[in-house]
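Novice: can you look at this prediction? I've put the sequence above it.
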Amino acid sequence: MAVIERAVVVGAGLIGTSIALALRERGVEVALADRDPGALRLACDLGAGSALPADGPVRPADVAVIAAPPQAIPAVLRSAQNRGLAHVYTDAASVKHSVVTEAARLGCDLATFVPGHPMGGSEKQGPSAARADLFLGRSWALCPTGKADAGAVAVVTELARLCGADPLTLDAEEHDRAVALVSHAPHVAAAAVAARLLGGDGTALTLAGQGVRDVTRIAGGDPDLWVEILRHNAVPVADVLADVAQDLADTAAALRAGGVRPEGLTGPVRDLLARGREGRDRIPGKHGGAQAPEYAVLPVVIPDEPGALARLFAAAEEAGVNIEDVRIDHSPGLPVGVAQLSVRPDGVQRLSRALAAGGWSVHP
Ligand SMILES: NC(=O)C1=CN([C@@H]2O[C@H](COP(=O)(O)OP(=O)(O)OC[C@H]3O[C@@H](n4cnc5c(N)ncnc54)[C@H](O)[C@@H]3O)[C@@H](O)[C@H]2O)C=CC1
Ligand SMILES: O=C(O)C(=O)Cc1ccc(O)cc1
């Protein structure tokens, strides 16, 4: 197992600061750099590390992570290698083939560079949104070229593990096709759905529930970053989007043709809904394995008042059941909401009984 004691992170935004925070929790010494002095200061204040001296000689770290936007990475890598910032280098860009090609064109040392992509993230940006647990249980793609040293691959594998992620090695082009399907095309589809909301009036938007929030969450991402990601993975993303567009066009045509007659919707519409449910079931859970049985969800009615959630959490703690996740659904105008508690399946009955005994309105 490779040992990482000192790391450098260049690009102290959401991803760089999250990596730094995760490494700090594991006792790694971290030096940070960012071209934006405000981002660098905030990342340092959050405890992600100390500022790397802007120039001059440095003692090489075990690994340097470049977490800048994709098109900046090859040049930043080249200058980091020229300066001898670390023994091993990796990046975090959401696209891999163009980064590797451009790094080779700039004459970067590909023996010490192991391209990477942590598959945890969020729609937010900047160090203020960073979290040490962002990559827990997530995949972390590694795309070493044929020129990479085995020792360098071992170091970057260890980096991913220190951040709580599961490293997965694959070829850069295979990676780009895979993320076109599971990340980049979904982002565009979310944006397309969210963009329709611009045409909705106040009443329609008041009726928005959790479904539309789930489907559009990632559309909150930074358009400048996403234009870059899509530019660097254009054809694989376009291929997926063409299929999505076909499904949508077929569905719209069937809806228009079928009208309200029940038999009108059995063909393509039901077929898409069934395939959609099947496709979603194929997404592995956070800790690997199948998604569905991972957490049980226990709906509990809570009064919409200060302290209600704290009391509910305290009751769960007393029952000895850990709440893995929580979502709160509010009905506009009602004095109550529904807390959807996600718990491990083996604890749901115990929690349900304990909450019911404590007077909570539980709806298993
Ligand atoms: N946002 C997400 O959920 C994920 C993003 N990524 C990838 O991680 C990388 C960083 O993305 P985020 O952290 O989301 O963006 P961000 O905008 O939060 O942070 C990027 C940081 O890089 C800095 N930067 C830009 N050019 C630089 C340069 N030449 N030298 C030094 N610093 C520079 C910026 O000032 C900024 O602080 C991108 O390549 C992105 O594709 C990977 C996984 C998830
Ligand atoms: O917000 C989320 O859930 C994401 O999945 C974020 C994300 C964005 C870009 C990536 O390259 C990887 C992950």
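Specialist: Thanks, I have it. Ligands and ions are numbered 1, 2, ... in the order given.
Novice: Three-state assignment for the closest residue to Leu85 other than its chain neighbours, please.
Specialist: Taking Cβ to Cβ, 6 or more residues apart in numbering, and ignoring the residues beside it in sequence, Leu85 has Ala64 as its nearest neighbour in space, at 4.7 Å. No exception for glycine: its C-beta is placed from N, CA and C like everyone else's. Classification of Ala64 using DSSP: H, G, I helix; E, B strand; the rest coil returns strand.
Novice: any idea how far Val215 is from ligand 2?
Specialist: 12 Å (Cβ to the nearest ligand atom, to the nearest Å).
Novice: so that residue is in which element?
Specialist: helix 210-216 (DSSP states H and E).
Novice: C-terminal to that helix, what's the next element?
Specialist: Counting by DSSP H and E, the next helix or strand C-terminal to helix 210-216 is helix 223-231.
Novice: tell me which residues are up against that following helix.
Specialist: Applying Cβ atoms under 8 Å, 6 or more residues apart in numbering, the set of residues contacting helix 223-231 from outside is 69-71, 94-95, 125, 184, 187-188, 237.
Novice: just how off-centre is the helix or strand bottoming out on mean pLDDT in the chain within its chain?
Specialist: Scoring the helices and strands of the chain by mean pLDDT, DSSP states H and E places strand 325-330 at the bottom, with a mean of 79. Computed by Cα atoms, centre = their mean, to the nearest Å, the chain-centroid distance of strand 325-330 equals 20 Å.
Novice: can you count the residues close to Pro345?
Specialist: Around Pro345 sit 10 other residues, with neighbours defined as other Cβ atoms under 10 Å.
Novice: skipping adjacent residues, who's closest to it in space?
Specialist: For Pro345, the nearest residue in space outside its immediate sequence neighbours is Ala296; the separation is 4.6 Å by Cβ to Cβ, 6+ apart.
Novice: same question, Asp222
Specialist: Using Cβ to Cβ, 6+ apart, the nearest residue to Asp222 is Gln125, at 4.9 Å.
Novice: surely that neighbour touches Leu14?
Specialist: Yes - proximity of Gln125 to Leu14 meets the contact threshold set by Cβ atoms under 8 Å, at 5.2 Å.
Novice: what about the two, which has more around it?
Specialist: More neighbours surround Leu14 than the other of Gln125 and Leu14, with 25 against 18 (other Cβ under 10 Å).
Novice: get me the contact residues on the stretch 151-300 of the chain for ligand 2.
Specialist: If contact is defined as Cβ under 6 Å from any ligand atom, the residues of the stretch 151-300 of the chain in contact with ligand 2 are 183, 218.
Novice: which stretches of the stretch 151-300 of the chain form helices?
Specialist: Secondary structure of the stretch 151-300 of the chain (DSSP state H, counting those that start in this stretch): helices at 172-179, 185-196, 202-206, 210-216, 223-231, 234-258, 268-281.
Novice: list the residues that contact the closest residue to Ala191 other than its chain neighbours.
Specialist: Take Ala191 and drop its neighbours on the chain: the residue closest to it by Cβ to Cβ, 6+ apart is Ala219, 4.5 Å away. With contacts taken as Cβ under 8 Å, 6+ apart, Ala219 has the following neighbours: 123, 187, 190-191, 193-195.
Novice: backbone phi and psi for Leu134, please?
Specialist: In this entry, Leu134 is assigned phi and psi values of phi -60, psi -30 (degrees, to the nearest 10).
Novice: ok, now which ones touch it?
Specialist: Counting by Cβ under 8 Å, 6+ apart, Leu134 makes contact with 14-15, 18, 22, 118, 120-122, 163.
Novice: of those residues, which belong to helices?
Specialist: Using DSSP state H to define helices, the subset of those located there is 14-15, 18, 22.
Novice: Throw the residues you listed into TSV and include pLDDT, thanks.
Specialist: Formatted as TSV, the entries for the ones in helices among the contacts of Leu134 read as follows, by pLDDT from 0 to 100:
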residue	pLDDT
Leu14	97
Ile15	98
Ser18	97
Ala22	97
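Novice: of these, which is the nearest to Pro60?
Specialist: Comparing the ones in helices among the contacts of Leu134 against Pro60 with Cβ to Cβ picks out Ala22 as the nearest, at 21.3 Å.
Novice: any residue of the least confident helix or strand of the chain up close to ligand 2?
Specialist: No - using Cβ under 6 Å from any ligand atom, strand 325-330 stays clear of ligand 2, with a minimum separation of 13.6 Å.
Novice: now for that strand, which elements pack on it?
Specialist: Based on contacts counted as 3 or more Cβ pairs under 8 Å, 6 or more residues apart in numbering; DSSP states H and E, the elements that strand 325-330 packs against are strand 336-343.
Novice: report all helices and strands that the strand it packs on contacts.
Specialist: Applying 3+ Cβ pairs under 8 Å, 6+ apart, one finds that strand 336-343 makes contact with strand 296-303, helix 308-318, strand 325-330.
Novice: name the nearest residue to Pro299, ignoring sequence neighbours.
Specialist: Excluding its sequence neighbours, the residue lying closest to Pro299 (Cβ to Cβ, 6+ apart) is His363, at 4.4 Å.
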